[in-house]
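What follows is a predicted protein model with its sequence.
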Amino acid sequence: MSQSSNLSGKTLFITGASRGIGLAIAKRAAADGARIVIAAKTAEANPKLPGTIHSAAAEIEAAGGQALPVQTDIRDEASVLAAVEQAVARFGGIDILVNNASAISLTPTTATPMKRFDLMFGVNVRGTYLVTQACLPHLAKAAQAGRNPHVLNMSPPLSMREHWFSPHVAYTMAKYGMSECTLGHAGEFRPLGIGVNSLWPRTAIATAALQMIPGADIARCRTPEILADAAYLVLTSDARQTSGNFFIDDELLARHGVTDLEKYSVTPGTTEFVPDFFVD
């Protein structure tokens, strides 16, 4: 996995970048002077869920990057196409796509109304596929220009084990739909020189979304920065050599010599973390 130097001057289109993991990935890239398109739906502050596209833009610019906040509903084709058009008009192209936006409901079949099912499939599966399709012509141009284009889906390794499905069939299918995009698009886009990979955490990550889940133990989680640093390693790797992988954050960091993960602990000294789903 040979590395390019950094993300300076690269344009990243990141879905769900108004908070949490998407924002952490954006700020890590911004430290190199990258240009970030924040494609997310929150434009007005919500007391329950902090972070808007505008507050994210301010944080990204403070971290050293350029930011373009675009209110986007990734379930809506016209909204996505307009966001991509704005990104290209402002920054001249798109080098990297991070499909981070996701909807979650850890509910059994009897407690998953079809409206909630449709939301998860609309955001996770359709949204990932749609945004990838909309960015593809620009990623292909980036490849032709030698700009090392990547698609990174924040989704888990595929595992056909019953215990990952039975407690929350709808959510598992929707997350695995994102991972199936990784598998298929890696092969489809390889001749174009575009790398497509997935990244997933071994432990639960402390985000505002996790805090909405009853019983979530934030104190035994890691911070989004572990995924930001792992994502950075993927996005600076050679796209022609690094594709079709389902990376786990700590394994990837260890491969690059980073084994002391203490700085990512929400509570210093934690040894027993809440494991994330889908990691056998």
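It's in.

Val88 should be in a helix, yeah?
Yes - assessed with DSSP: H, G, I helix; E, B strand; the rest coil, Val88 lies in a helix.

Number of residues surrounding it?
Using other C-beta atoms under 10 Å, Val88 is surrounded by 18 other residues. (Each C-beta comes from the backbone N, C-alpha and C, glycine too.)

Ok, Asp249 next?
So Asp249, with other C-beta under 10 Å, has 24 neighbours.

Then Glu85?
Each residue near Glu85 was counted by other C-beta under 10 Å, and the total is 12.

Kindly provide the distance from it to Phe13.
With distances taken as C-beta to C-beta, to the nearest Å, Glu85 is found 12 Å from Phe13.

ditto for Gln133
From Gln133 across to Phe13, the span is 13 Å (C-beta to C-beta).

Of these two, which one has the most company?
More crowded of Gln133 and Phe13, by other C-beta under 10 Å: Phe13, with 31 against 15.

dump the residue contacts of the more buried one.
Val37, Ala39, Ala83, Val84, Ala87, Ile94, Ile96, Leu97, Val98, Val131, Cys135 (C-beta atoms under 8 Å, 6 or more residues apart in numbering).

Show the pLDDT at the residue nearest to Arg161 when sequence neighbours are not counted.
Distances taken as C-beta to C-beta, 6 or more residues apart in numbering put Asp280 closest to Arg161, at 6.8 Å, once the chain neighbours are dropped. On the pLDDT scale, Asp280 is placed at 88.

Count the residues that sit near Asp280.
Considering only other C-beta under 10 Å, Asp280 is surrounded by 7 other residues.

cool, and Leu192?
Residues near Leu192, counting by other C-beta under 10 Å, number 16.

And it, how far from Ala186?
Distance of Leu192 to Ala186, computed by C-beta to C-beta: 11 Å.

Need the residue in the protein that's farthest from the chain's center.
The C-alpha centroid of the chain is most remote from Thr110, which lies 29.3 Å away (C-alpha atoms, centre = their mean).

Secondary structure class of that residue, three-state.
Under three-state DSSP, Thr110 comes out as helix.

confidence score at it?
98.

Now do the longest helix along the chain, average pLDDT.
Secondary structure of the chain per DSSP state H: the longest helix is helix 169-189. Averaged over helix 169-189, pLDDT sits at 98.

Need the residues that contact the helix or strand just after it.
Counting by DSSP states H and E, the next helix or strand C-terminal to helix 169-189 is strand 195-200. Outside strand 195-200, the residues that touch it by C-beta under 8 Å, 6+ apart are 148-157, 178-179, 181-182, 185-186, 189, 227, 230-231, 234, 237-249, 252, 276, 278-279.
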